Each structure stands twice: as C-alpha cells, then as structure tokens.
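Q: Compute the structure for the input listed below.
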Amino acid sequence: MSRIASVLLPMPLPEAFDYAEPEGMELAVGDQVAAPLGPRLLRGVVVALREAAGGNRPLKAIESKLDSPPLPPGAIEFVQWAARYSVDAPGQPLAIAIRGARAPKAKPEKVIEVTGVQPGRSTPARLKVLEAAAGQRLSPADLARAAGVSAGVIKGLVDEGALALTLIEADTRFDAPDLARKGHELNPSQAAAAAALVAMVGEGGFNVALLDGVTGSGKTEVYLEAVAAALARDPVAQVLVMLPEIALTQAVIARFVERFGVMPAEWHSDIAPPMRRKVWDAVATGGCRIVIGARSALFLPFAKLGLIVVDEEHDGSYKQDEGFIYQARDLSVARGKIEGAGVILASATPSLESLRNAEIGRYRWLKLTSRHGVARLPEITLIDLKDTPPETGRWLSPPLVKAMIETLAAGEQTLLFLNRRGYAPLVLCKACGERMTSPDTDSWLVEHRYSNRLVCHLTGFSMPKPDKCPHCGAQDSLTSIGPGVERVEEEARMLFPQARVAVFSSDTVWDAKEARRLVDSMAEGEIDILVATQAAAKGHNFPKLTLVGVVDADLGLRGGDLRASERTYQLLAQATGRAGRRDRPGRALLQTYAPEHAVMQALKAQDRDAFVEAEMAEREIMKLPPFGRLGAIVVSGPDAQALEAFVRLMAEAAPNADGVEVYGPADAPLSLIRGRRRKRFLIRADRTVDLSAYLATWRARIRPPGAIRVSIDVDPYSFL
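A: Numbers count the residues shown, from 1 in each chain. This next block holds a predicted model:
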C-alpha cells in the first residue's frame, strides 16, 4: 500500500500538507523534499507518514527527496512547539530552521597530488615541488607557496603528468575539541559554581541553572567548565552558546579556541552562505560539536544537543520582533526540555523572570559576588544636571569633563556611553516647528552627520539633509535637537584635540570583523576616548579603561514601558561595569536629571537586590511579569475606517476567561508605519492561564479581510 507524507512547508500556512509518496522513494520523518504547491516546487520537511487508506481525491506526489541531512526529531518537535507557543504558523519557525539547508554548498576545492610519474626533466624548483607535495593534498597556490616557486612550475609538472589536479568536495566536518586541555585557574567562588554546573551536566537530562555574577567575575571561565563536562560525558554531544551581539562573537570564540584548541562553528547574519551550509550540515550530522551564535542558532538541527548556554541572558537582543516573533532565552529552556539537555543562563544583571524562577527553585541559582583577581567594582557617582549642567550647546557636564582630563593625564581610557545612534535624534524647522519624520510613518528622522543624511531607524528610509524646510520652504532653518554618539564624539574632539577618539555603533561598525578590529584597538590602548552605544556596553574587557561617563542616564526611563526601569538598570550596570576590570581602579559618572530615581540610587549604591526587591513588589501588585503573563495583538491596515471597524469586531470576539484582562483597542504609540495605521490590544493573564491557547482561540474566531494584518506577540518586549 502506498503512503501519505505530511510535509511542512516554510510558509505562513496553518498546517502540514499531505502528498503521495512515490513508489520506491522510501521517505522517513525529517527528510527534506521538493513538494509542489501551485506552480512552484518548495523545499519542505516530512513531519509524519501514514498508510494511504483511499480518499475522494488524488494527492499530488512529492517531486523528489533532497540531498540534505534530515531534521532530527527534536528539531521538528521544537519547531512545532515554538509555533504553538508563539501562536503562529509552524512554517514560520521552520523557515528559520532550514535556512542553512537552502544555502549553496562550497565549491569543490582544487588540490594537487603526486602521481609517481617522473617529469621529463628535473630542476631544483621541480624537485622542491615534488618534495612539498609528497603525502599530502594542497591547493596549487598553497603548493607554490610551500615550495617557494611560481605557478608556472606547478603547471608544467601537471602538464607532464607528474602532478594531478583533482577536485574534492569541501570538508563538512569541524575539528573535534581537545578535552585534555585545562582551563584557567579558578578562584574559590568560580570553582564552587563550576563544580555545581559540572555536577548538573553529569546528572544528564533537562536542568536549568542561572549563573548570576557581577561584571568581571569570570562567568565565561565558569561555564567553559560545564561545556567541557558536557562534551566529555557523551562523545557525540553538542553544545550551543548563544550571544546577543555579533560584536561579542570573536572574543568568545578566542576563549573557546584557547580552551579546546579548535575553532567552534559560528552562526549569525555575517556568515557567508557556503559556510552557513557547512555549519548546518555538520550540526545535523554530528560533525560539529560546538556552535557559537546569535538567537537563530537555537533553530539549528542538532543531532544530539547536550547543553545550551545563553550568555547575557537578560539582553533584549534575544527578542525577535519581526517575522516569527519569539524570545530566544525562553525558547532555549523549551528546547533544552525537548532535547533533554542542560541550560545555563548567564548574566551580571539577570532578567526578573529568571530571578523569579531561581527564587522559587525552578532554576538552580549560582552566584559570583566579586570580580576575578584584584579587580574591584567601579565607584559610581551621580551628576545632577540641574545643579551642574553642561555649557550651552554642549552635552558633557563640568564634572565629567574634569574626570576625563584626569583620566587622560594618567594614560588611561574613557568610555562615553550614549545609547542613541547618529548625530541628533530630532531635526526640526526653527521657522515653522515642523519635525522631520519618515514618509507614511510617525518615526522621527535621525540626523547622521557622517553621511549628511536623515535616517529612519525604524523603516530604514533615508534622504539627504535638505537645505530648506520641506514644509514651509525656509532656507537653512533645520536645526538638530539633542545628542547622538556622533555629536558627543564631535564635542570630545573639540575638548581634547590631542586625544584619539573613536565611535562604536552599528553605523560605524558594519560587521563582526570591523567590531573585532575596534575592540582590539581599544584593548591595545590605541584609543583614548571611545564614544559608544550599547554595542560596547557588554562583555568586553578593556584593561586600561578606568572611566565610564553615561551622557544621558535617563534616556531609557522615558516612554512608560513596563520594563523601562529594569532595562535601564541592566544597561547602565553593564556599561559602568566596563570600568576597572583589571588592576586599575575604575569609576563611573552618570549624568541625570533624576538622581532621586530608584534606578539611579540603586546604581550608585551598587545594590541590585534592593532594586530587584522593589521592582518585584510593584510587578506582583499589578500581576505583571514575572507574576503574570502579557500578550500583545497589533492590527494594521491602510484604511483607518476599515481598521477601526475590524478592531471593534475583534474586541467583541474576545473570549471570556477567568484571570484574563483585555485592554484596547487603542492607537499604538507609533500609529502609522509605512502607510499602515496600527491599533493594539494588550492582554494580561494570570500565570495559571494558557495565554497561547487563549490568543489562538481568539484569532480563530475572526478572519481579517485581505488588507488587514494581525500580529500576535506572546510576552512582548516592545510596546511600539
């Protein structure tokens, strides 16, 4: 009897489609196939097989079985679970999971081999080539370099048959880690935490630990011991280490190379397609044991996942806000449970959700309370800008400038931190008051002085800065309001013309290689003043950095976001933690108009526990995360009246359920993006409520018309 294959396609479709299995194809669950959908052939994954029992219509047949490794059962289960949890079509996470399988393979490599045929004539150069080529395969260029000859000598030997030029497929495996190598010596606190993690890994199965250590406490060295234990426990086990920023990747890779003697695999947006394909294939076949990557690495098809490490677990970069919406930190715990793998969440400023899980015993809680070696936490001072404001037209206050003078005189480095890209966040007309915004969007245009362009950081729109107001036509009336990192850099160069000043932001650092170059320059002492956004605020060690100046400490507190205080505390604690990480004492100066704010007082006192206790108490009263659940539904459409009518119908269709409160519909804070009007519902639910099921039920009750889009975000982090 023929069989029916259920094939999941990487598209926003509600379920897998059934296809007939051609005779002799012998499919298995996880196989990748080419399946017809309308006039197209699409790559899909077989998620179920059953015997055909007849039907009232013939099924289309699968076109072919593709030459790619199958998705392991754990990867398939995780994709389906992630879709249910996020209230999205399963094809959406599948598209992430098989992205690497669709990348082109590396081209076959040309190599030279000795044939044993003697050349017609022997010369010293030819003898050097034959000696260098003996017993190994080298590319023509490598062989020429090894023998110290020109390419013509190689070609002559190939023409005479003494050497043979062959094509070999690129190696799809990564070197095995050397588990005999030892790590750095650990202090007693590190050793105790490492022993606990090694014991957890030794138990096997699913467990979660929160590695909670102050900045500079050596968390990486601690979890490296757990990685080594996981790899040693099972000879085929694989480890995933996730990082929030590409800029951190190379530094962490260097630590892994030092510890295990081999390069781990990388997985992030800067990886070239052939390498992406190599990593994907190697992970699926067990030919790669260590992966270091960004959030999407969580969807790789691990053959035997033994341990997941989420470094800087609090970081907002783990939240994907477009396409398939997910929080990689939370999904890492789910994948660990599905795979029976251990999970380590590491941070100096853990999320309140992770701290709560540790408090109630759901996670093991391991603490590192002091810095490694002789380093000490920096002294933190608040600069009240109401009392000591900067000079007119400037952004650095006198106390901060004085501290910079002292730091430069001592031959040490300064980090000026401002989490705002560009030159100025707002451009307006002095004549008519018009604010420059992106077309069909409420988002302000940010001036970038380097390129002399106005840029929308939301939609990507950019335009040359006009010489007159587009609204009233006034000449030379556009003025820049507020500072960005480019403006602070300009002021630093003016104040300290002899200093070496650099900017670290996504506008000046385009890829991982450039980020590494800048980080290395700072670490080698080649930069005196680094002006940076959050890209430089986490994970980096700069030995000569002793002063951190936070230009606008109040920036993250604006806007009424649920997590505003938490994120501000985390970001500023991470930024100030860059100072004094070696033998030189560090200090941090925070410019603020609200020194009395709980976040500022907690930072000054370096009393995280007091801040967390107060923030937790407020959240508990309001039944907000981690004591409740949140969901968001954003509905958008090009026509305001049609959108209003639909969201009213949607509000009426909301299911009634105990422990659930629905707020809205209301205009989203950014109510217009790319010409589409936006309305938002906010849903608060008790912890006992299955929020995903509630949202799925609501969505199923009403179908939006063609021009209306509905986006669901479980546990939202952005409230735009």
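Q: Tell me if I am right that A334 is in a helix.
A: Yes - counting by DSSP: H, G, I helix; E, B strand; the rest coil, A334 is part of a helix.
Q: tell me which element the closest residue to it other than its chain neighbours falls in.
A: The shortest distance from A334 to any non-neighbouring residue, by Cβ to Cβ, 6 or more residues apart in numbering, is to W81 (6.1 Å). Quick note: C-beta positions are derived from backbone N, CA and C, even for glycine. Under the criterion of DSSP states H and E, W81 resides in helix 73-86.
Q: Tell me which residues are up against the next helix or strand after that helix.
A: As assigned by DSSP H and E, the chain's next helix or strand after helix 73-86 is helix 91-97. By Cβ atoms under 8 Å, 6 or more residues apart in numbering, the surrounding residues in contact with helix 91-97 are 8-13, 45, 71, 75, 79, 82-83, 86, 296, 299-301, 323-324, 326.
Q: Helix 91-97 - what's its average pLDDT?
A: Averaging pLDDT along helix 91-97 yields 97.
Q: CA atoms only: put the longest strand along the chain into CSV for me.
A: Longest strand in the chain by number of residues (criterion: DSSP state E): strand 660-673. This file holds the C-alpha atoms of strand 660-673, laid out as CSV (Å, rounded to 0.1, in the frame of the first residue of the first chain):
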residue,chain,number,x,y,z
VAL,A,660,-7.6,37.4,31.7
GLU,A,661,-7.9,41.2,31.2
VAL,A,662,-8.0,42.8,27.7
TYR,A,663,-7.1,46.4,27.2
GLY,A,664,-7.9,48.1,23.9
PRO,A,665,-8.2,48.5,21.1
ALA,A,666,-6.1,51.7,21.2
ASP,A,667,-3.8,53.5,18.9
ALA,A,668,-0.3,52.0,19.0
PRO,A,669,2.3,54.5,20.2
LEU,A,670,3.6,54.5,16.6
SER,A,671,0.2,54.6,15.0
LEU,A,672,1.5,54.9,11.4
ILE,A,673,4.3,52.8,9.9
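Q: Tell me how far that strand lies from the chain's centre.
A: Here strand 660-673 shows a centroid-to-chain-centroid distance of 27 Å under the convention Cα atoms, centre = their mean, to the nearest Å.
Q: mind listing the helices for the stretch 101-250 of the chain?
A: Ranges of helices in the stretch 101-250 of the chain, per DSSP state H, counting those that start in this stretch, are 124-133, 140-147, 151-159, 188-203, 219-233, 246-260.
Q: Deepest-packed of those helices, please.
A: Compared across those, helix 219-233 shows the largest average neighbour count, a mean of 23 (mean count of other Cβ atoms under 10 Å).
Q: can you give me the angle that one makes with helix 246-260?
A: Counting by axes from the mean of the first three to the mean of the last three Cα atoms, to 10 degrees, helix 219-233 points 50 degrees away from the direction of helix 246-260.
Q: So what's the gap between helix 219-233 and the chain middle?
A: That offset, for helix 219-233, works out to 22 Å (Cα atoms, centre = their mean).
Q: mean confidence score for it?
A: According to the model, helix 219-233 has a mean pLDDT of 96.
Q: again with stretch 506-518
A: Average pLDDT, stretch 506-518: 78.
Q: K402 and G100, how far apart?
A: 52 Å (Cβ to Cβ, to the nearest Å).
Q: That should have said L165, apologies.
A: L165 is 31 Å from G100, where distance means Cβ to Cβ.
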